[in-house]
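**Student:** quick one: sequence plus predicted model below, questions after.
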Protein chains: 4
Amino acid sequence: MEPSKVPLAGDADHLIDSTDPHHPANHICTLCRNFYNLGWVTGTGGGTSIRRGPHIFIAPSGVQKELLQPSDIFVLDYASRSYLRKRPDLKPSACTPLFLAAFDRGAGCCIHTHSQWAVLVTLLVERDASKSGAKIDDKYFEIEKIEQIKGIPKGRGNAGMMGYYDKLRVPIIENTAHEEDLTSSLEAAMGRYPDTFAVLVRRHGVYVWGDDVQKAKTQAERSISPSIPPD
Amino acid sequence: MEPSKVPLAGDADHLIDSTDPHHPANHICTLCRNFYNLGWVTGTGGGTSIRRGPHIFIAPSGVQKELLQPSDIFVLDYASRSYLRKRPDLKPSACTPLFLAAFDRGAGCCIHTHSQWAVLVTLLVERDASKSGAKIDDKYFEIEKIEQIKGIPKGRGNAGMMGYYDKLRVPIIENTAHEEDLTSSLEAAMGRYPDTFAVLVRRHGVYVWGDDVQKAKTQAERSISPSIPPD
Amino acid sequence: MEPSKVPLAGDADHLIDSTDPHHPANHICTLCRNFYNLGWVTGTGGGTSIRRGPHIFIAPSGVQKELLQPSDIFVLDYASRSYLRKRPDLKPSACTPLFLAAFDRGAGCCIHTHSQWAVLVTLLVERDASKSGAKIDDKYFEIEKIEQIKGIPKGRGNAGMMGYYDKLRVPIIENTAHEEDLTSSLEAAMGRYPDTFAVLVRRHGVYVWGDDVQKAKTQAERSISPSIPPD
Amino acid sequence: MEPSKVPLAGDADHLIDSTDPHHPANHICTLCRNFYNLGWVTGTGGGTSIRRGPHIFIAPSGVQKELLQPSDIFVLDYASRSYLRKRPDLKPSACTPLFLAAFDRGAGCCIHTHSQWAVLVTLLVERDASKSGAKIDDKYFEIEKIEQIKGIPKGRGNAGMMGYYDKLRVPIIENTAHEEDLTSSLEAAMGRYPDTFAVLVRRHGVYVWGDDVQKAKTQAERSISPSIPPD
């Protein structure tokens, strides 16, 4: 909880220095504080990344998300994958390659949480799979006839939102020892479910993305908030 | 989450421009922020409408309710059903015809939420109906001998509040693909249950109304807050 | 939610006019706001009363507890049972005779909530009584070997707090159609359980009292907060 | 809730008088307020202690933790175990010998809560032990394959954090009538589980410690927040 005393690379600080509350460096801090209060990101877990034009803004790894400051934020050049601003005393989020996979699909914001509801859903699907003798691989959480899915877009190739009678499938991938090792299975799930906006990670949490911050946040609330009781 | 840059129809802005926190344009914003914190309206879902004299104040559709600003509010002339103030960049709530059905019954405020407790009640009633072979049509949630119902009025023709030994029935209607298509079944339920102050919508949420904001809010808390455990 | 426009009996306003946050007229408002945030008092339900010397401070009936203002508070002369300050437009809490029963036993503060945990406990005890064929009359909630009871005093005649191996019994009384009609059974339960600091009311809530505000609040949190899972 | 009117030992007040929010006397108050809002410390239960160099900062016993003020804090000289600053009107936390056991193992901060999740875990383990005929002595809560354990250090002799496939064991000790009597069994559990950062106390709560405040808080959130559903 100690504020950082580390001097920053001065010439890159203009990238995170703004009084606009919607500037990504400020917005990530506000969102993480809100997610902490919702119980989605606790004990340094979880994170959020925002793309603005050529730049990707990323929170550091292993910090208390509710205390994040704009000066903690890393800035990555999306095209070259090189850091324009980095804190010498911190590491960028281990989720960075997973956030990039979402940005590669056109997302403007990606949210990763350890929400207990997301974890619980993966445990319930796992339990049902174990009863039926099925493998957990290629499992998904499926829900239909619930008003909340009307806030979720139909998918990349289709205009408009899902309907009440549509069926929402969110793929579940197996967790790995190291977060960055999730990248290939996350990308594979994105390939199998080209319309999905989210991927659940077994006994871990969920990645949710959207065209912009508002849509990513709305889709996160629609899919992992306690307002959707499991069917 | 971006603040609107769209210029407003200037001559109608006096309808929503007030420093009084109880002016409907301000009050709707405060209520929606509170309902968000209660988990009743998340991911752009839910909404609130207030009648003041000849005017109906309505929140827009598809926006994050906790970030609502007075400048987002639509104003409808109740008698002519024509908009006195509308945002060219937004649509009025899809609940508008349902709110109007409540105002036609004399309500001063109508609240629509996606409360998980409301959805859960409809799922429990559905499960019991399915066990007994009954149809879900014309189902209702029924409760008696619970202190909370003493905060609920007896109904349109009767003075005073329900008693502890009275039986409260809240009708449940089937959900539809489009929210506006709920109107006829909502009105039918209002017809079958002339004393009701609320209608549950299966796998969707609840509409609650009252003579004024305080009564609608009190009746919403009495019927959908977690303080009433299902019997 | 409209602030009152009713003129007050000016000569009694000094009884509720103080800048001290611990003055009872201010303290009741703070406590009720906190209890609302805890979900203990919603939809105008519940209340709090404080005794200071010869005066009893009481919230009005039927108001939203989280919006209570010091100017709403009634002041009763304890000895003569006559109101020194009353709002002509409001009624004092229907719990007043029950609060007085607690003050008659030496309490300095009495809290009444509709906590869902309190209601749930009475439903569980009722279910067990119905299984065993026993009557609900003279039922009680009993708990032992739980750290939280160490914050609860042994009772009127005994110094000190309960121990971990002590058994806490909180009597449950039957609810009545009118709150004031609970008075005689509350007093009877106080007689049967002379050491109790609380009485549960079936399908209604709980009354908790203590020597002063801090003790009543501590005992309420110890007995009805979600921090004590039913054994 | 009355602010203290007791004069303090003036020559020791410099130990708790700081405008730095990370000074232990201030930090304990902030942490306890946060823990109250999380439901971890209610009704005067629970507490936090911080070591800074030669000094141990401790909250008093029997006070409402969310209202703690820096002037309430006791300061102990770690080497001599003598109080450098004490409030004549209060007693130091009954957890003090338990906090010291953590500091003796190198901790910089120790948190004690009555979290319902911690209590629930001890009840579940007890139930399972009773079914299998095993004794509760030397019981532990065990969890593996859950992302949250990656925020927990491997233990005193090992660098780095636990992995997803590691098994986390948190010992459970039997509760005692007096909190200070837990010290010897807490120390025995620390001896049996040299890598543990936490000890659960049956039907009571949990002690969690870490190298500094941030680590103790992170480890508490990782192990007792509702974000970890029991496996």
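**Tutor:** Nice, I can see it. None of these values were measured; they are calculated from a predicted model.
**Student:** hmm, residue A:93 is touching residue A:59, no?
**Tutor:** Yes - using Cβ atoms under 8 Å, residue A:93 is in contact with residue A:59, at 5.5 Å. Every residue, glycine included, has its C-beta placed from N, CA and C.
**Student:** of these two, who's got more company?
**Tutor:** Taking other Cβ atoms under 10 Å in any protein chain shown, residue A:93 and residue A:59 do not tie; residue A:59 has more neighbours (28 against 23).
**Student:** residues near the residue lying closest to that one once chain neighbours are set aside, how many?
**Tutor:** In this structure, residue A:59 finds its nearest non-sequential neighbour in residue A:47, 4.8 Å apart by Cβ to Cβ, 6 or more residues apart in numbering or on different chains. When neighbours are counted by other Cβ under 10 Å, residue A:47 registers 30.
**Student:** OK, contacts around residue A:47?
**Tutor:** A:32, A:41, A:58, A:59, A:65, A:93, A:95, A:111, A:112 (Cβ atoms under 8 Å, 6 or more residues apart in numbering or on different chains).
**Student:** mind giving me the PyMOL select for these, buried ones only?
**Tutor:** Here is the PyMOL command that selects the buried residues among these (16 or more other Cβ atoms under 10 Å in any protein chain shown):
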select buried, chain A and resi 32+41+58+59+65+93+95+111+112
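**Student:** where is the longest helix in chain A?
**Tutor:** helix A:116-132 (DSSP state H).
**Student:** could you say what helices and strands it packs with?
**Tutor:** strand A:139-144, strand A:198-201, strand A:205-210 (3 or more Cβ pairs under 8 Å, 6 or more residues apart in numbering or on different chains; DSSP states H and E).
**Student:** which one of the ones you listed lies nearest to chain B?
**Tutor:** strand A:139-144 (9.3 Å; Cβ to the nearest Cβ).
**Student:** and residue A:164, that's in a helix?
**Tutor:** No - counting by DSSP: H, G, I helix; E, B strand; the rest coil, residue A:164 falls outside a helix, being coil.
**Student:** just the pLDDT for it.
**Tutor:** For residue A:164, the pLDDT comes out at 91.
**Student:** same question for residue A:22.
**Tutor:** With respect to pLDDT, residue A:22 has a value of 94.
**Student:** then residue A:45?
**Tutor:** 88.
**Student:** so how far is residue A:65 from it?
**Tutor:** Distance check for residue A:45 against residue A:65: by Cβ to Cβ, to the nearest Å, it reads 8 Å.
**Student:** can you tell me if the helix or strand containing residue A:36 touches chain C.
**Tutor:** Assigned by DSSP states H and E, residue A:36 belongs to helix A:24-37. No - against chain C, helix A:24-37 shows no contacts by Cβ under 8 Å from any Cβ of the partner chain, the least distance being 12.9 Å.
**Student:** buried set for that helix?
**Tutor:** For helix A:24-37, burial by neighbour count (16+ other Cβ under 10 Å) applies to A:24, A:25, A:26, A:27, A:28, A:29, A:31, A:32, A:35, A:36.
**Student:** surely the second one touches residue A:58?
**Tutor:** Translated: residue A:25. No - using Cβ under 8 Å, residue A:25 is not in contact with residue A:58, being 10.2 Å away.
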